[in-house]
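**Student:** Need a 3D model of the sequence below.
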Amino acid sequence: MDRATCRSEINEAFLEQETAVIALRAADDGPIFRDEILQALDRVCSTFEDAQTDYELAVKCLTSVPLMETRKNSLPRQITIREELPAPTEQDDHRLEQTTRDLEFGTGDVMDDSGLVAYTHLPLVSFLGVDLRALFTTAVGAEPLLRGAIDFGDVQGREEYGVIAGTGPGARSVVGLYDAGADGALKELVHLQALERFQERAEGLKTVAGSFTVVDDLKTVRKGLHGGKPESYTLPKARAETAQLLLALSMSPAARYGPRIDGRERVALVRVNLTTVNDEQFERTVRRLEAFLTQETAEGATAFLCTDRLPEQLD
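**Tutor:** The predicted structure follows:
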């Protein structure tokens, strides 16, 4: 694995990672967790799902992500918000919001912390030949209860998108690879802890909306298999448990959003979603992230971010 072939390796093992992102608010600026707003959000999401030309990577939106609902005196169950609509009472709206917040990396990915903005991620590889701007105008124009903006990571519409999105994710992201050095090595705790430390540092930056690696998935699956107990949202200590969680993960509905590790369980995809940033902020953030990743990479592993320009060229 080397930097020169980073993009092609990502495309081969994890598919192309470029996305457009839609930010949606209620027209009255109220909370999104109201039945009529959730239904409107789901109609917009469904419009884009119906327009996909490829289905290897799914549209990710608030109403379609798999959630783990903890129930008193019962085992947790996996739900999606769209399966719960229409929500008959305000109490149900509150339950759906709490369940979404329990998805620890849902906030900053499909909704903001305030519960006022929802984000929909459109993998461009799934929309070849589709005019996404025109489709967005049609889909949101049909929903008087919503207002929104779409971001492709370029200058066009960036300011308008930032007003709607707030500190949530824009289309600009940073992706990279973490090579643990041997087949199966990603089941070793030392490498998972290295990724976890990198994410903690990355998410301390104001320009980072969220970061995502197999670490998030392992901790989420582990929590689900341990009855939804918050204290079980940790990395597995034993290699055998990690292998069990990876098997469960491969059969999870979350797999439709793309793999986080390659088939050899050696290379992990690293993704950092940024807020709406300008070029200077982007370059400064890349420098910081590259430094964090280098500092946290475990012995025997190699890791780097796949940027259009190398960090030394950004100084």
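
**Student:** And the contacts of stretch 297-305?
**Tutor:** 1, 3, 6, 174-182, 185, 190-191, 193-194, 270, 286, 289-290, 293-294, 311 (C-beta atoms under 8 Å, 6 or more residues apart in numbering). C-beta here means a position set from N, CA and C on the backbone, and glycine is covered the same way.

**Student:** Show me which positions of it end up buried.
**Tutor:** By 16 or more other C-beta atoms under 10 Å, the buried positions in stretch 297-305 come out as 297-298, 301, 303-305.

**Student:** Using neighbour counts, trim the contacts of stretch 297-305 to the buried set.
**Tutor:** 6, 174-181, 185, 191, 194, 270, 286, 289-290, 293, 311.

**Student:** Mind checking which of the residues you listed are in helices?
**Tutor:** 6, 191, 194, 286, 289-290, 293 (DSSP state H).

**Student:** quick one: contacts for the residue most central in space within the chain?
**Tutor:** What sits nearest the mean C-alpha location of the chain, by C-alpha atoms, centre = their mean, is residue 109, with 5.1 Å. The neighbours of residue 109, taking C-beta under 8 Å, 6+ apart as the test, are 60, 119, 121, 169, 209-210, 212, 273.

**Student:** cool, residue 178 as well?
**Tutor:** Contacts of residue 178 by C-beta under 8 Å, 6+ apart are 191, 194-195, 213, 267-268, 270, 293, 297, 301-303.

**Student:** If we only consider the residues you listed, which is nearest to residue 39?
**Tutor:** residue 213 (32.9 Å; C-beta to C-beta).

**Student:** ok, now how distant is the closest residue to the closest one other than its chain neighbours from residue 267?
**Tutor:** Nearest residue to residue 213, sequence neighbours excluded (C-beta to C-beta, 6 or more residues apart in numbering): residue 195, at 4.7 Å. Computed as C-beta to C-beta, to the nearest Å, the residue 195 to residue 267 distance reads 12 Å.

**Student:** The two: which is more packed in?
**Tutor:** Taking neighbours as other C-beta atoms under 10 Å, residue 195 and residue 267 compare with residue 195 leading, 28 against 25.

**Student:** possible to save the contacts of residue 178 as CSV with distance to residue 51 and pLDDT?
**Tutor:** Shown next, in CSV, are those (distance: C-beta to C-beta, whole Å; pLDDT from 0 to 100):
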residue, distance to residue 51, pLDDT
191, 38, 97
194, 39, 98
195, 34, 98
213, 29, 94
267, 32, 95
268, 31, 96
270, 29, 96
293, 35, 96
297, 40, 97
301, 40, 96
302, 39, 94
303, 36, 94
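
**Student:** how about those residues, which pair is most distant?
**Tutor:** Top of the distance list for the contacts of residue 178 (C-beta to C-beta): 213 and 302, 15.4 Å.

**Student:** Just the CA coordinates for stretch 246-255, please, in PDB.
**Tutor:** Provided in PDB are the C-alpha atoms of stretch 246-255 (Å, rounded to 0.1, in the frame of the first residue of the first chain):
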ATOM      1  CA  LEU A 246     -16.800  -8.700  12.300                       C
ATOM      2  CA  LEU A 247     -18.900 -11.700  11.300                       C
ATOM      3  CA  ALA A 248     -22.000 -10.100  12.800                       C
ATOM      4  CA  LEU A 249     -21.200  -6.800  11.100                       C
ATOM      5  CA  SER A 250     -20.900  -8.500   7.700                       C
ATOM      6  CA  MET A 251     -24.500  -9.600   8.000                       C
ATOM      7  CA  SER A 252     -25.800  -6.200   9.400                       C
ATOM      8  CA  PRO A 253     -28.000  -3.800   7.300                       C
ATOM      9  CA  ALA A 254     -25.200  -1.300   7.800                       C
ATOM     10  CA  ALA A 255     -23.100  -3.200   5.300                       C
END
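
**Student:** Show me which residues of that stretch are buried.
**Tutor:** Per 16+ other C-beta under 10 Å, stretch 246-255 contains these buried residues: 246, 249, 254.

**Student:** Out of those residues, which comes closest to residue 138?
**Tutor:** The shortest approach to residue 138 among these belongs to residue 254, at 29.0 Å (C-beta to C-beta).

**Student:** follow-up on the earlier one: can you pick out the most distant pair from the ones in helices among the buried ones among the contacts of stretch 297-305?
**Tutor:** Distance extremes for these: the farthest pair is 191 and 286 at 22.6 Å, using C-beta to C-beta.

**Student:** Right, I'll call it a day here.
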